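sequence plus the predicted model coming up.
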Amino acid sequence: MAKRKRLTPAQGDYLSAPALGPSTGLGPVPIASVAGEAASVAALAELSSALQSARDEGRLIEALPIESIAAGHLVRDRIQLDEDEMGALISSLRARGQQTPVEVVKTGAGRYGLISGWRRLTALRRLHEETGEARFATVRALVIAPESAEAAYVAMVEENEIRANLSHYERARIAHRAVAEGVFDSPRAALQGLFGSVTRSKRSKIGSFMGLVEALDGDLRYPWAISEKLGLALVKRLEDGGAEDLRARLAQADPQSAEAEIAVLQAALAPAVAPPAPKPEKAAAKPLPDLTRYDITSGLVLRHWPESGRIEISGDQVDARLLGALKDWLERR
């Protein structure tokens with residue numbers, strides 16, 4: 001009898017197609033995928049280039065740590081800080097935040113020098129010291145790259161010409177200091193470079209004030225209060241050799257306010273009041289010569305000046321009785 005084989009269940013995977021695995025990448029890539037990736041790369045490159053260009057050209061506003069900015073990078077043209085104006089600026093920053101960026105230049109790794117926006121930076125620092133709030137710990141800034149030190153000074157002056165009412169003295173002081181720092185070769189070059197956009201007359205007056213800065217900058221406490229008229233008069237006094245007198249007057253007066261200092265300067269310009277010259281003594285009038293003299297009696301003299309039509313009677317005998325008799329006689333004539 002033949003031996004029977006034992007049957008087993010059929011295997012489901014027998015002769016079936018192998019499972020499809022992930023693509024090995026050796027096949028052709030869809031055109032749409034290639035085009036999409038290329039567009040993304042191009043857009044990213046364009047964005048990066050635009051950002052770098054904006055940064056290089058000083059058009060990109062950055063948030064910088066407030067302690068990383070040196071406010072004294074340039075000699076400032078503002079020498080007086082109006083506390084009322086500063087109070088208004090602080091209130092605005094507290095309520096609305098910083099609306100206008102400052103301008104800075106990179107001076108090293110993570111370090112910057114202030115070009116313009118000194119009042120805003122000062123106000124933000126005060127707010128941070130007062131409140132400790134993180135929103136006042138950074139300052140919005142444009143990181144610019146001026147072509148030269150001259151360009152940096154011009155940027156500072158241009159902003160203050162727009163935003164601040166600088167006095168002639170403050171303008172002259174920045175021009176004088178820029179020459180002293182070697183930024184410009186001469187006062188004329190400084191005036192033309194910093195104030196080339198103002199009228200020639202105004203530039204000339206600023207140039208005159210540079211003499212005042214050179215002579216008295218270390219002696220004046222409130223020079224921003226000097227008016228144009230007073231300043232030009234002081235320059236004339238300096239040209240006449242009055243520098244030492246002005247310094248001595250300021251040192252002796254020790255003014256504690258702008259008004260007091262202005263009074264000292266005005267007094268120095270006032271002409272010296274000389275004591276009035278004594279009036280010449282009146283020469284005694286010479287008696288008219290007696291053309292005719294009559295000694296009537298003892299104590300009674302008659303004088304007659306025909307040219308002036310004058311008769312004079314004098315002497316001890318002249319009294320009311322004589323006057324009455326003479327009057328009666330004249331009336332009867």
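Received, thanks.

got any ranges where the chain has weak pLDDT?
Of all residues in the chain, those with pLDDT under 70 make up the ranges 1-36, 38-59, 75-81, 147-148, 158-165, 272-291.

do you know how far T100 is from L124?
Applying CB to CB, to the nearest Å, one obtains 12 Å for the distance of T100 from L124. For glycine as for every other residue, the C-beta is placed from the backbone atoms N, C-alpha and C.

quick one, which of those two is more surrounded?
Comparing T100 with L124 by neighbour count (other CB atoms under 10 Å), the higher total belongs to L124, at 25 against 11.

downstream neighbour of the host helix or strand of the more buried one in the secondary structure list?
Here L124 is covered by helix 118-131, with elements defined by DSSP states H and E. For helix 118-131, the succeeding helix or strand toward the C-terminus, using DSSP H and E, is strand 138-144.

circling back to that earlier point, the inter-axis angle of the helix holding L124 versus strand 138-144?
160 degrees (axes from the mean of the first three to the mean of the last three CA atoms, to 10 degrees).

buried ones in helix 118-131?
Along helix 118-131, the positions that meet the burial threshold by neighbour count (16 or more other CB atoms under 10 Å) are 118-128.

also stretch 259-271?
Within stretch 259-271, the residues that qualify as buried are 261-262, 264-265, 268, counting by 16+ other CB under 10 Å.

picking up where we left off before, who does the helix holding L124 touch, helix- and strand-wise?
Applying 3 or more CB pairs under 8 Å, 6 or more residues apart in numbering; DSSP states H and E, we find helix 118-131 packed against helix 83-96, strand 138-144.

rerun at 10 Å
Using 3 or more CB pairs under 10 Å, 6 or more residues apart in numbering; DSSP states H and E as the contact criterion, the secondary-structure elements in contact with helix 118-131 are strand 69-70, helix 83-96, strand 102-108, strand 111-116, strand 138-144, helix 149-163.

ok, so of the buried residues of stretch 259-271, who is nearest E214?
Comparing the buried residues of stretch 259-271 against E214 with CB to CB places L265 closest, at 16.4 Å.

relative to M210, how far out is that closest one?
Looking at L265 against M210, where the rule is CB to CB, the gap reads 17 Å.

neighbours around R188, how many?
The local packing of R188 (other CB under 10 Å) involves 13 other residues.

any idea which helix or strand carries it?
The secondary structure element spanning R188 is helix 187-194 (assigned by DSSP H and E).

now do the following helix or strand past that helix against helix 187-194, angle only.
Scanning the chain past helix 187-194 towards its C-terminal end, the next helix or strand to appear is helix 200-216 (assignment: DSSP H and E). Angle between the axes of helix 200-216 and helix 187-194 is 130 degrees (criterion: the same axes, to 10 degrees).
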